[in-house]
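In: coordinates for the following, if possible.
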Amino acid sequence: MRRVRPELVMLALTLAFALFALGHFALSRPAGDHAATVAAARGGEAEAPEKLDLNTATEEELCALPGIGEVKAAAIVRYRAAHGPFESMEALDDVPGIGEATIEGLLWYAEVN
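Out: Numbers count the residues shown, from 1 in each chain. Predicted structure coming up:
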């Protein structure tokens, strides 16, 4: 049987961990945050992106949000018409088809005024 060199095993484990950590870091940041990161790295001030108000947004505007397609946008508008404006982002949980993960993904891009 062929003997495996310990330093190669350690190198493989180190690379695997590094790739895992990079993947986790990349996936945990919102997609639109790249410009802010670059500006901050260069010592500049990054403007916060303007958030979309869910109580006044049209279906078309809602479709532009991450995780919201035509079906969810229509459901939000229907729910808002039937029940009035949202009092908080968490109130979106009452909309059929919208769950905790969707709401969490919208926190960077939308708000309730």
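In: per-domain residue ranges of this structure.
Out: Segmentation of the chain into domains, based on automatic domain parsing, reads 6-41, 52-111.
In: so of these, which one's packed in deepest?
Out: domain 52-111 (a mean of 15; mean count of other Cβ atoms under 10 Å). Placement of C-beta: from N, CA and C, glycine included.
In: can you give me the helices for this structure?
Out: Across the chain, reading from the start of the chain, the helices by DSSP state H fall at 6-28, 34-41, 59-63, 70-83, 100-106.
In: of those, which is nearest Met89?
Out: Across the helices of the chain, Met89 has its closest neighbour in helix 100-106 (5.9 Å, Cβ to Cβ).
In: and that closest one, how far out from the chain's middle?
Out: 7 Å (Cα atoms, centre = their mean, to the nearest Å).
In: what separation do you get for the closest residue to Asn113 other than its chain neighbours and Ala110?
Out: Nearest in space to Asn113, with sequence neighbours left out and distances taken as Cβ to Cβ, 6 or more residues apart in numbering, is Asp53 at 4.8 Å. Distance, Asp53 to Ala110, by Cβ to Cβ, to the nearest Å: 8 Å.
In: CSV for the domains of the chain, including mean pLDDT?
Out: Converted to CSV, the domains of the chain look like this (pLDDT from 0 to 100):
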stretch, mean pLDDT
domain 6-41, 63
domain 52-111, 94
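In: which residues are in contact with Ala74?
Out: For Ala74, the contact set (Cβ atoms under 8 Å, 6 or more residues apart in numbering) comprises Glu59.
In: and if you look at Pro85?
Out: Contact criterion Cβ under 8 Å, 6+ apart gives Asn55, Val112 as the residues in contact with Pro85.
In: for it, give its distance to Ala57.
Out: Distance, Pro85 to Ala57, by Cβ to Cβ: 11 Å.
In: go on, Met89?
Out: 13 Å.
In: residues shared between the contacts of these two?
Out: Common neighbours of Met89 and Ala57, using Cβ under 8 Å, 6+ apart, are Ala110.
In: re earlier: can you name the residues bridging to the residue nearest to Asn113?
Out: Partner residues in beta bridges with Asp53: Glu111, with DSSP bridges as the criterion.
In: next one: it from Glu111, what distance?
Out: From Asp53 over to Glu111 (counting by Cβ to Cβ), the distance is 6 Å.
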